[in-house]
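Asks: Test case, fold it:
(2 chains)
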Amino acid sequence: MVSNQPTETMVPVKEASALPSDLTPKMSARDVSVFYGEKRAIDSVSIDIETRYVTAFIGPSGCGKSTFLRALNRMNDTIPSARVTGEIRLDGVDIGTMDVVQLRARVGMVFQKPNPFPKSIYENIAYGPRIHGLAENKADLDEIVQRSLERAGLWNEVKDRLIDSGTALSGGQQQRLCIARAIAVDPEVILMDEPCSALDPIATAKIEELIDELRGRYAIIIVTHSMQQAARVSQRTAFFHLGEMVEYGSTSDIFTNPVKERTKDYITGRYG
Amino acid sequence: MTVTLILLAMGLGLAGWLAARARAVAFRSAHGVRAMKSLPQYHAWYVALWIIIPLAIFIVIWSNLAPQLVLQSVLSSPAAADLPQFDFQRRTILNEAAALATGRSATAYNAEARALAEPFREAISQTRMTGIAIALIIGLAGGAWSFLRLRPDFSARTRVERTVMVILLCASLVAILTTLGILVSLTFETIRFFGMVSPVDFLFGTHWGPDPMSDPAHADPTRYGAIPLFWGTIFIGAIIAMIVAIPLGLMSAIYLTQYAAPRWRTWLKPMLEILAGVPTVVYGYFAALTVAPAIRDWATAIGISNASSESALAAGVVMGVMIIPFVSSMADDSIAAVPQAMRDGSLAMGATTAETIKRVLVPAALPGIVAGVMLAISRAIGETMIVVMAAGAAANLSANPLEAMTTVTFQIVAMLTGEGSFDHPATLSAFALGFVLFLVTLALNFIALRVVKRFREAYD
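Replies: Numbering: from 1, shown residues only, chains lettered A, B, ... in the order given. Next up, the predicted model:
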């Protein structure tokens, strides 16, 4: 099981300021605002996301945390009325100038509701490598599929039924399949938009365990409405409220010693 | 006559409605709102329905029966005794007398008719009185019986509900029974045809050339081979038309669902659907006057000497254009039914829109698309006007699209509008052709519905 306390052992966090200066951030956002038509959903958010950490975005429903997450791999581009201002950089390069296809290959995404394609388990995983041409031959592809499923902790459950439809799996298995699918293209960042909200507690525990295992390799950002989940899986937490990022810091600080009054009220269950 | 009865039914119904409502309102003021199981208008409708429905049934029966009764009473009158025995003359005189009696004509040519006019007039007014009397009895009986059942706790509401359900059921039965009726009459005539020409010769013969002037007793079975017609139908409707309609329909559906801005879509989709509303005869002359000559000129230009001005290609292409909205709107619906999550999932993997469409959306929507294509084929092979005007009448068994070909529907028209009599195998062959066509389109529709049903269950 996942340890209850945020682990601070793998990479020490020296300070819990919003913009740590001593680490090169994997992704950084400066004054990012997102508009839906005239409505401002996100207001000037600046944040640095470091690799090898799990960063949790928490906040009440409608606070804009999912909207901000979708800005990080430009999924808001698919919504005609959405407009993003400000600057988001991945390894120092403005993502607005990047080819969106390349960006999304480097910044993968797992959705709220498991959304495997109505194809076989094998084809679900092979989808990304195929479109990006990551495999030279069938053996290569087989290996990528196996490795991705192993990392997602699904290999032993599905290795004898790779030709079965991905939609025939249970909800938790489907979500791990979607994580495996995202891993298969070797992303650097994985965005997870409330990945456990459609799952039962046992499947949720498995996903959390998996997130903990994956963080050594990727920068993971998870949006969650469960404060317990944020406390269990993340090392960094950002609290969003009414489209603003109120506070950002190490998870232990946010939960035990928040600076802002609004954060304290939310953490202690005054609203949300 | 019938009009009088309908007015009578409506009048009685309205009277019943008002009386029942008044009674229910009286109940309500006497016993209180709580004691009433139904609103006053349900009591009203209950009584009104008990008057109107039996009367409606009576009117239907009576309007069929009344002319017989009139005729019978006229024939039993003394003036009818000197009617000629010969059937044709007899009928002419009776018709003339009827026209005279009802005032449709002022004078009659035959003296007998003039003599019969008076008994006719008497019989008509007598029948009318009888009809009105029976209708009054039925209406009053129904009204009285239902009116007496009204109580404060009478659940008129559920009874009205049940009656409404039965009325709706009858309405849907009309369509089903009509289909059955068509099938029965087709089957009957087809069996008659197969009594003259064997089904084997009909279904597998390769020469089509029925001669309506030949001796009906000795039909030449070698002239009733329908294979060229089946081939022409499939070649024009299912091959050429689909080569045009499937890619264009699918691509326009993909453009409309995936690329078009909402503002464009609200314009383009209805415009595409207008194509489906163009009368087929308009497509027919477009095919015959514009497309067919263009194809012939083009064929001549590339060196084909004996290009015909009627060709399977012209009919097929225009039919394909006509079918585009069918394919497109079915494909549109089934692509739109693929959950947005599938599309997002693929885009988030770094796939382009085109890759997403090709690898995720179209495969997921395929059952719906296939069903759409099947419905389109069944529509195309039943299409008549375009082939009548553009495809020609020659029953050629050929794979050359520039040749004139004929279809099942064309031959049905040709056989039934020819001068052959209705017991000649050439005419009867139209029913056998219709029967085969009916079975094929029925099978296609059935399969399409099954495919769609299975597909719908996939995304619950």
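
Asks: so what's B:P67 up against?
Replies: If you count contacts by Cβ atoms under 8 Å, 6 or more residues apart in numbering or on different chains, B:P67 has none. Placement of C-beta: from N, CA and C, glycine included.

Asks: in the helix or strand hosting it, what counts as buried?
Replies: Taking DSSP states H and E as the criterion, B:P67 maps to helix B:40-75. The neighbour-count check on helix B:40-75 (16 or more other Cβ atoms under 10 Å in any protein chain shown) flags B:40-55, B:58-59, B:62, B:66, B:69-70, B:73-75 as buried.

Asks: right, and the helix or strand after that helix?
Replies: helix B:87-102.

Asks: packing partners for the helix or strand that that next one is followed by?
Replies: Per DSSP H and E, helix B:87-102 leads on to helix B:111-149 as the next helix or strand towards the C-terminus. When contacts are defined as 3 or more Cβ pairs under 8 Å, 6 or more residues apart in numbering or on different chains; DSSP states H and E, helix B:111-149 packs onto helix B:2-31, helix B:40-75, helix B:87-102.

Asks: just checking, what packs against the first one?
Replies: If I follow you right, that is helix B:2-31. helix B:40-75, helix B:111-149.

Asks: Kindly report the same for the shortest one.
Replies: In terms of contact count using 3+ Cβ pairs under 8 Å, 6+ apart, helix B:87-102 is assigned the packing partners helix B:40-75, helix B:111-149.

Asks: how does it look with 6 Å?
Replies: Applying 3 or more Cβ pairs under 6 Å, 6 or more residues apart in numbering or on different chains; DSSP states H and E, one finds that helix B:87-102 makes contact with helix B:111-149.

Asks: The following helix or strand past the helix it packs on to helix B:111-149, inter-axis angle?
Replies: Using DSSP H and E, the helix or strand that follows helix B:111-149 in sequence is helix B:156-196. With axes from the mean of the first three to the mean of the last three Cα atoms, to 10 degrees applied, the angle from helix B:156-196 to helix B:111-149 works out at 140 degrees.

Asks: average pLDDT across helix B:156-196?
Replies: Helix B:156-196 comes out with an average pLDDT of 91.

Asks: so how far is that helix off the chain centroid?
Replies: 12 Å (Cα atoms, centre = their mean, to the nearest Å).

Asks: Next, the angle helix B:2-31 makes with that helix.
Replies: In terms of direction (the same axes, to 10 degrees), helix B:156-196 departs from helix B:2-31 by 150 degrees.

Asks: so does the helix or strand that B:A276 is a member of get close to chain A?
Replies: According to DSSP H and E, B:A276 maps onto helix B:262-277. No: Helix B:262-277 stays clear of chain A (Cβ under 6 Å from any Cβ of the partner chain), getting no nearer than 7.3 Å.

Asks: dump the residue contacts of the closest residue to B:R265 other than its chain neighbours.
Replies: Leaving out its chain neighbours, the residue that sits closest to B:R265 by Cβ to Cβ, 6 or more residues apart in numbering or on different chains is B:L256, at 5.6 Å. Applying Cβ atoms under 6 Å, 6 or more residues apart in numbering or on different chains, we find B:L256 in contact with B:R265, B:K269, B:D332.

Asks: show me what contacts A:N124?
Replies: A:N124 neighbours (Cβ under 6 Å, 6+ apart): A:P116, A:F117, A:G166, A:L177, A:R181.

Asks: These: which ones sit near chain B?
Replies: Counting by Cβ under 6 Å from any Cβ, A:F117 from those sit close to chain B.

Asks: Most neighbours among the contacts of A:N124, which one is it?
Replies: For the contacts of A:N124, counting by other Cβ atoms under 10 Å in any protein chain shown, the largest number of neighbours falls to A:R181: 29 neighbours.

Asks: SS state for it?
Replies: helix (DSSP: H, G, I helix; E, B strand; the rest coil).

Asks: hmm, back to that, of the contacts of A:N124, which pair is most distant in space?
Replies: A:F117 and A:L177 (9.7 Å; Cβ to Cβ).

Asks: Look up which helix or strand A:L191 falls in, please.
Replies: Judged by DSSP H and E, A:L191 forms part of strand A:189-193.

Asks: Which secondary structure elements does that strand sit against?
Replies: helix A:65-72, strand A:107-110, strand A:219-223.
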